[in-house]
Structures are given as C-alpha cells and as structure tokens.
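Enquirer: predicted model and sequence below, questions to follow.
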Amino acid sequence: MLGKKKTIAENILILGLGGVGAYLAKRLVHEGYAVTSIEPDSNLIRYTDNHLDARLIQGSAMSMDCWREANAENIDVLIAVTDNDAVNMLAAMIADRFGILRKIARVRSTDLAAKDSVLSAADLKIDLIIHPEELAAQEIVRLVKRTAGNEIIDIADGQTQVMATRVHEGSPLAHQKLKTLSMTHNTFPFRIVAIARGITTTLPGGNDEILPQDQVLIMASKKNLPKVMALTGVKQQRRHRVMILGGGLVGFRVAELLGKRVKVKLIEKDEARAAELSHLLDHAEVLHGDGSDADALDLAGLMDMDTFISATGENETNIMSCMLVKHLMTTGNGTTHRTEHKTISLVNKEEYLVLASTSGSDIALNKKVLAANEILKFIRRGELLSVAHLHGFDAEVVEILAAPDSPITRIPLSKIDPSFHGKILVGGVYRDGRWQIAVGDTRILPDERVIVICKSLHLKDVHELFLG
C-alpha cells in the first residue's frame, strides 16, 4: 500500500451511508476494519449507530471540520459514495491533500473512462471509480454469455472453475449424500462446496444430502468441468435471444453491450423513453408496452426467448415479472414448454436477493452488492489474491496465500477448529504445478495458494486461519 503496511485493521472513511455506503460499512466492520463515516442524515446516523460498531460523524462531506473530526490524516482508504457525484470527486481531491493514499469514488458518468475525456481519474486523484449501473450491466452481459442458465466462474487464473446449478428431481445429484457421490463418481476430482436451500446457504460435509430444488456449487478443474456438466445433466448451450424489461441505465447498457452478437428485444413502459431508445439502439428491437402483463409478453415473443432480464427501477416489478415469465415459459397451455430458459432480475434491496433467487429469478443482482464487492476487492489487494461473490449463495470464493506458521499450516484440514465448520471450506490447493481438490487429510503448506469458500460475513475468519 504505497509504503504503508496493509493490515486487517486499516482505517477507512466512508462518505455517505445510503445504499452502497451502509452495505459496505456492515461488511467492513464484520471483517475487522476500523470504519468512520460522515453522513448528514440524522436518521441514517441513528440507524447505523444501533446496528454497527463504527465511528459516526453527522455533517457534510464538504465540511473540513468533519474531516478533521474523522482524523483524516490517519485514514488509509477513502470511500466516497454519496448520491452526489461532484461531492465524491471533490472528496477524492480533499483526501489527497490529507495524505489518504487510496481514494475510491462512486461516479455515474462514464465520461471519465473515455480516452478523450477532459478530466481523468488521475486528475481527480481517484484510484478506483465505481459505476454501479455499469457494473450491473457488465455482470448481466457476462451471465447471458454463460451456458445452460448456470453461473460459471473462473478462479485461480482460469485453471479451476466453480459452477452453480439448480438440482431437479431427475438429476443424478438428487437425494444423494456427498460422501456417496464422492465414492460413486471417483473417476475425476470435483467437490460440492456449497448448497443453497431456500434462504439458507450451507457449506456441506460428507453426510449432507442434496435435495431437489437445491442450488449447488461445484468446483472442478477447467478440463473436468464438461464431465461435471454431464454428471449433473447440464447441457452446454449458448444464449442468442434476450428480452429486457426496462430501458433505464442498466437495461439500455445491457442492450448496447450485447450489440450484434445477441438478438435483443427491449420492452419499455414509457412511450417517450421507448421512442428515444429506438433511435439509440441500432441492433435491438424496442417495444412500447407493459412487461408485467402476460398478454403483452406473449405478443412481444417471450416464448422464443432464451433469457429474460427484468431491469426496471422497481424491486417488486422485477421480482414479480420474473415469476410470471417463469410460469409462462414452463407451462405453455398447461404443458411443459421450455426448461432451458434463464431469468435475471435487478433487485435494489439486498434483503430481497434471496427472495428473488428462490422465486422466479434464476439469478438476482443488486447494484449495491456488486459495487461493494468491487470496492472490497480493491481494499483487500495484497491480502487476498482474488474474491468472487456467488449470486444466489451467501458465500464467497477466495483465493489466498497461506502465510508461514498460520493456523491452517499446522494441522490437516480434518483437524481444523470446529468453530470454523460451516463457515469455511477449503476447496483446492495449488501443488506440484497444478490445482488439486482438497480433502480431509490434506495439509496446507506455507506459501501455498489455496481456494477457500466462506460465508459472506466470515472473511475475517479466513484472515485468521490463513494469515495468522
């Protein structure tokens, strides 16, 4: 960190406790960071004070007295995520004057990233620009390109992959205990590292049983992933037809990014906005209509779509539209119509993420969570090699280097302190030039790269176990 030793007890200043700021503060405090926040809204201050052990200062982000009260000269990282982009940009410049080495600012405009921009991030002393809508759009596009409605994430430089898939009644995984699966299918190494059932995520052991409608997370090497897909009954299939509900910043950007590669239909309720989008999007068909109406969806050609994306600004509309689409596309006139489609919803309240992913949405995304994860990855640079959040799971996939004499290096995995059970699961270790699936008698050696799955609020336990 530019001359400063980076530790888990870094001092972090957050400007703005609405949305991203509140979620970040919660995550950072749980991970052991020292958090100070400046926020003008007394109600947000009062609410946060009742829920988090953070230092809170009521006042303006532009008040030098508030910065001095926050001991800005001792702050390591600034996170400016107020609703005012100009305030966030100016805050980065103020932070630089106080000697704060890393500055993160939420800026909705994409102009700063343009090559011909009059001002650059460097000019404004910003080390990381966060654009929540752009992050959401980029993530949706990434998911659209994935296969068979399942999320597949590359980790460990792409050598290892984790795949999230839903277990159906006829799946070979259904009603199987993990230890039985490992004995029955032992021709190649893989590991089930998380199970999402209803609103609960479990990091399972050998005696845990997989049930229909569970969403499971499976880890395997890249070369063995096709075998895992065959085992789970997943078919590899590219998505080519996408329907988007909502022509706001996210919906428009998704259609723009997909461009010519994917056939896109976008439904917008506002007539003027629909007319505007029809001129802006050369390679998408823009329709004016109510996407929450079953007849309107049918007339728009829903039954020919592979992926449905609900990206309006209303949580309830997005969740309910995906439920309606799921119903329409799986029961055409009372008979099974399509089973390989995918639904993605944008959910603005993190409390609704699990509700959405357990109802009609195959994948539910939240702009605040995406922005927070990007910021957390930046802050953790040097401690964790990489962190990936898994949609639909209350879990993170972490790549980390085991520090010499850390607790994890002293005993086999089966002997780890029981207090870590259900919170942390070691999935793989890089040894002898390749990634290997970790099992009970595996012992992690100093300076080995390790893949860990942990509950989202237990990254601090990963620190404790691997960094000592």
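Expert: All right, it came through fine.
Enquirer: now do the SS call for V439.
Expert: Three-state call for V439 (DSSP: H, G, I helix; E, B strand; the rest coil): coil.
Enquirer: what's the burial count for it?
Expert: Counted with other Cβ atoms under 10 Å, residues neighbouring V439 total 13. Glycine gets a C-beta too; all of them are placed from N, C-alpha and C.
Enquirer: once you drop chain neighbours, what's closest to T442?
Expert: Taking Cβ to Cβ, 6 or more residues apart in numbering as the measure, T442 lies nearest to L413, with 5.2 Å between them; neighbours along the chain are not counted.
Enquirer: contacts only, for that neighbour.
Expert: Applying Cβ atoms under 8 Å, 6 or more residues apart in numbering to L413 gives the contacts 426, 438-444.
Enquirer: pull out the buried residues from those residues.
Expert: For those, a burial check counting by 16 or more other Cβ atoms under 10 Å picks out 426, 438, 442, 444.
Enquirer: for the second one, grab phi and psi.
Expert: Per-residue torsions, A438: phi -80, psi 140 (degrees, to the nearest 10).
Enquirer: and it, how close does it get to V193?
Expert: If you measure A438 against V193 using Cβ to Cβ, to the nearest Å, the figure is 10 Å.
Enquirer: equivalent analysis for the first one, please.
Expert: Noted for V426: a distance of 9 Å to V193, by Cβ to Cβ.
Enquirer: let me see the ranges of the strands in the stretch 1-150 of the chain.
Expert: With DSSP state E, counting those that start in this stretch as the criterion, the stretch 1-150 of the chain has strands at 11-15, 34-39, 55-58, 77-80, 102-106, 128-130.
Enquirer: closest one to R142 among the ones you listed?
Expert: Taking Cβ to Cβ as the measure, the strands of the stretch 1-150 of the chain were each checked against R142, and strand 128-130 came out nearest at 17.4 Å.
Enquirer: which residues outside that closest one are in contact with it?
Expert: For strand 128-130, contacts defined as Cβ under 8 Å, 6+ apart pick out 20, 81, 102-107, 112-113, 121, 371, 374-375, 378.
Enquirer: what's the answer for stretch 280-287, then?
Expert: By Cβ under 8 Å, 6+ apart, the surrounding residues in contact with stretch 280-287 are 247, 252, 255-256, 258-260, 264-268, 274, 277-278, 300.
Enquirer: need the distance between the two termini of that stretch.
Expert: 13 Å (Cα to Cα, to the nearest Å).
Enquirer: so F98 sits right up against N74, yeah?
Expert: No: between F98 and N74 no contact is recorded; they are 9.2 Å apart, counting by Cβ atoms under 8 Å.
Enquirer: ok, which of the strands of the stretch 1-150 of the chain comes nearest G313?
Expert: Among the strands of the stretch 1-150 of the chain, strand 102-106 comes nearest to G313, with 17.4 Å by Cβ to Cβ.
Enquirer: export the closest one as PDB, just CAs?
Expert: The C-alpha trace of strand 102-106 is given here as PDB (Å, rounded to 0.1, in the frame of the first residue of the first chain):
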ATOM      1  CA  ARG A 102      -6.200   5.300  -1.700                       C
ATOM      2  CA  LYS A 103      -9.300   7.000  -2.900                       C
ATOM      3  CA  ILE A 104     -12.500   5.300  -4.200                       C
ATOM      4  CA  ALA A 105     -15.400   7.400  -5.600                       C
ATOM      5  CA  ARG A 106     -18.800   6.400  -7.000                       C
END
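Enquirer: tell me the secondary structure for V228?
Expert: Secondary structure, three-state DSSP: V228 is helix.
Enquirer: once you drop chain neighbours, what's closest to M64?
Expert: Taking Cβ to Cβ, 6+ apart as the measure, M64 lies nearest to I94, with 7.9 Å between them; neighbours along the chain are not counted.
Enquirer: and what of G422?
Expert: L203 (5.7 Å).
Enquirer: and the gap between that neighbour and L302?
Expert: Separation of L203 from L302 (Cβ to Cβ) stands at 37 Å.
Enquirer: hang on, the earlier thing: of the contacts of stretch 280-287, which is the nearest to S60?
Expert: Scanning the contacts of stretch 280-287 for proximity to S60, where the rule is Cβ to Cβ, the winner is F252, at 33.0 Å.
Enquirer: that closest one: helix or strand, and which one exactly?
Expert: F252 is part of helix 249-258, with elements assigned from DSSP states H and E.
Enquirer: so which elements touch that helix?
Expert: helix 132-145, strand 241-245, strand 263-268, helix 271-280 (3 or more Cβ pairs under 8 Å, 6 or more residues apart in numbering; DSSP states H and E).
Enquirer: mind listing what's buried in the last one?
Expert: Burial within helix 271-280, assessed by neighbour count using 16+ other Cβ under 10 Å, is assigned to 273-274, 277-278.
Enquirer: likewise for stretch 90-104?
Expert: Of the residues in stretch 90-104, those buried by neighbour count under the rule 16+ other Cβ under 10 Å are 90-92, 94-96, 98, 100, 102-104.
Enquirer: next, give me the two most distant ones among the residues you listed.
Expert: Within these, two members stand farthest from each other by Cβ to Cβ: L90 and R102, at 16.9 Å.
Enquirer: residues contacting R443?
Expert: The contact partners of R443, taken as Cβ under 8 Å, 6+ apart, are 409, 411-413.
Enquirer: please apply the same query to M93.
Expert: The contact partners of M93, taken as Cβ under 8 Å, 6+ apart, are 124-125.
Enquirer: grab the longest helix from the chain for me.
Expert: Scanning the chain for the helix with the most residues, using DSSP state H, yields helix 315-330.
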